[in-house]
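Engineer: need a 3D model of the sequence below.
(2 chains)
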Amino acid sequence: MMKMKEVISPKQAISLIKDGSSIMIGGFGLVGCPLQLVHELCQSDLKQLTIISNNLGEPGKGLGLLVENKQVQKAIGSYFTSNKDVVHAYHNQEFEVELLPQGTLSEAIRSGGAGLGGFYTPVSVGTLLAEHKEVKEIDGKDYVFEKSLRADFALIKAKKADKLGNLIYNKSARNFNPIMATSGKIVIAEVDEIVEVGELQDEEIITPHLFVDYLVLNGGA
Amino acid sequence: MEAKDYIAYRTAQELKDGDIVNLGIGIPTKVVDYIPKDLSIHIHSENGILGLGPTPQPHEIDKDLVNAGKLPVTVLKGSSYFDSAMSFGMIRGGHIHLAILGVLQVDQMGRVANWAIPGENILGVGGAMDLLEGAEKVIVTLLHTTKKMESKIVKDLTYPLTSLRKVDMIITELCVFETDEQGLLLTELAPGVSLETVYRHTKAPFRVQDNSVNQMTGG
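Structural biologist: So this is what the prediction gives:
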């Protein structure tokens, strides 16, 4: 018999996380962000979290609230400017920030999930973001060394899962979700719908089930 | 036509049939509405879309379909979606013909600053550095001066550098500069703009093409 993926509640999902955990959270702004899981994370007492996410929500929404609650010790991402509350909290030294070019962030997540230690990228050579990083000349061109990223958890958002845990996404809500599915040690996918195995066509599956540990049904208990 | 719309319209005239184009946040986003009808242009959005269409009507808005500025967009037939790592692989890997970016400052050699303001907390870079590194050609669009009428085209950048790479073309509401080994070359004046006006509002040395600059009409 096929082993079906366990469907858990948002509360059960968040209860797996410990103080000080590192968590990747999918989404480009609020698009493709697992908002139900983030909401539950904000309701929890978890603290000293390291958050890896392209953005930190919007004022009072999504991951912005997690920062306001002072649950975040460190945030790694590419663009936090759009949330004024986050900028304010950073100014008050409430948390630490590591800023990466968006292509470096996404490649660090991808390569982490693919078992690599890091990579050389030409992006950011000669800028403030390359300070204190190793620069290596390869075939006459300078590259900066960037370490791969992995995390204890990845909280991702997909449109649909089958009961095995295969995933498909919706339009530009795909963004960081498939790569975070590969590099979280425990991957929890919030989905809008769960269908029988076989209902997702093999050619349309974007994230094969082996990357996914738990499913959370959006709007479910 | 308002200044920003003129810049978007003028920038759209640089597109070539079949181009793969990435549009940055701000004025570049408006270029999509000025693409000449006879051209087939494939617009890439860094959040994982190839094949953006015109700005949607209110009833067409889909919350899962946005551009890099997180604004709602449409897609054309033949469009595709991909994850962020593949999207930036396309950018760094040299698969984008043209990137059109908004910037804060341009220096006398055509290097740009567009991600951080000194004295303010640096909390965002997004895809700007990747696009400057990887796109085959880069055009930057900007209003020529700040609200305080200070030139954004300067001898040396006072804002942090985005990339060592020089841009190829600079389009403002006053004029067009191209860049070469020696720096900025004025190639065109916007309708009704005199060379004197450009000199008055530009804080970087530049040369004038063949002593005869193309003057745009209409607009």
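Engineer: do the worst-scoring helix or strand of chain A on mean pLDDT and chain B come into contact?
Structural biologist: Lowest on mean pLDDT, DSSP states H and E among the helices and strands of chain A sits helix A:84-91, with a mean of 86. Yes: using Cβ under 8 Å from any Cβ of the partner chain, helix A:84-91 reaches chain B at A:Val86, A:Val87, A:Tyr90, A:His91. In short, each C-beta sits where N, CA and C put it, glycine included.
Engineer: in CSV, list these along with distance to B:Pro205 and neighbour count.
Structural biologist: Below are the residues of helix A:84-91 next to chain B laid out as CSV (distance: Cβ to Cβ, whole Å; neighbours: other Cβ atoms under 10 Å in any protein chain shown):
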residue, distance to B:Pro205, neighbour count
A:Val86, 40, 29
A:Val87, 36, 19
A:Tyr90, 38, 20
A:His91, 38, 11
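Engineer: tell me the helices and strands packed up against the least confident helix or strand of chain A.
Structural biologist: helix A:63-68 (3 or more Cβ pairs under 8 Å, 6 or more residues apart in numbering or on different chains; DSSP states H and E).
Engineer: mind listing what the next helix or strand after the helix it packs on pairs with, with the direction of each?
Structural biologist: Remark: after helix A:63-68, the chain's next helix or strand is strand A:72-77, criterion DSSP states H and E. Within its sheet, strand A:72-77 is paired with strand A:49-52 (parallel), strand A:96-99 (parallel), according to DSSP bridges.
Engineer: reformat the ones you listed as a markdown table; add mean neighbour count and distance to B:Tyr6.
Structural biologist: A markdown table is the format used below for those (neighbours: other Cβ atoms under 10 Å in any protein chain shown; distance: least, Cβ to Cβ, whole Å):
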| stretch | mean neighbour count | distance to B:Tyr6 |
| --- | --- | --- |
| strand A:49-52 | 24 | 41 |
| strand A:96-99 | 16 | 34 |
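Engineer: can I get those strands in a markdown table including mean pLDDT?
Structural biologist: Below are these laid out as a markdown table (pLDDT from 0 to 100):
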| stretch | mean pLDDT |
| --- | --- |
| strand A:49-52 | 98 |
| strand A:96-99 | 94 |
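Engineer: before we move on, the earlier item: chain center to the least confident helix or strand of chain A, what's the gap?
Structural biologist: 21 Å (Cα atoms, centre = their mean, to the nearest Å).
Engineer: using CSV, write out the CA atom coordinates for that helix.
Structural biologist: Presented in CSV, the C-alpha positions along helix A:84-91 are these (Å, rounded to 0.1, in the frame of the first residue of the first chain):
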residue,chain,number,x,y,z
LYS,A,84,8.1,50.1,7.3
ASP,A,85,7.5,48.3,10.6
VAL,A,86,10.3,45.9,9.8
VAL,A,87,12.7,48.8,8.9
HIS,A,88,11.7,50.5,12.2
ALA,A,89,12.3,47.3,14.2
TYR,A,90,15.7,46.9,12.6
HIS,A,91,16.6,50.5,13.4
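Engineer: what's the single longest helix in chain A?
Structural biologist: Criterion DSSP state H: the longest helix present in chain A is helix A:102-113.
Engineer: buried ones in that one, by neighbour count?
Structural biologist: Neighbour-count burial for helix A:102-113 flags A:Gln102, A:Gly103, A:Thr104, A:Leu105, A:Ser106, A:Glu107, A:Ala108, A:Ile109, A:Arg110, A:Ser111, A:Gly112, A:Gly113 (criterion: 16 or more other Cβ atoms under 10 Å in any protein chain shown).
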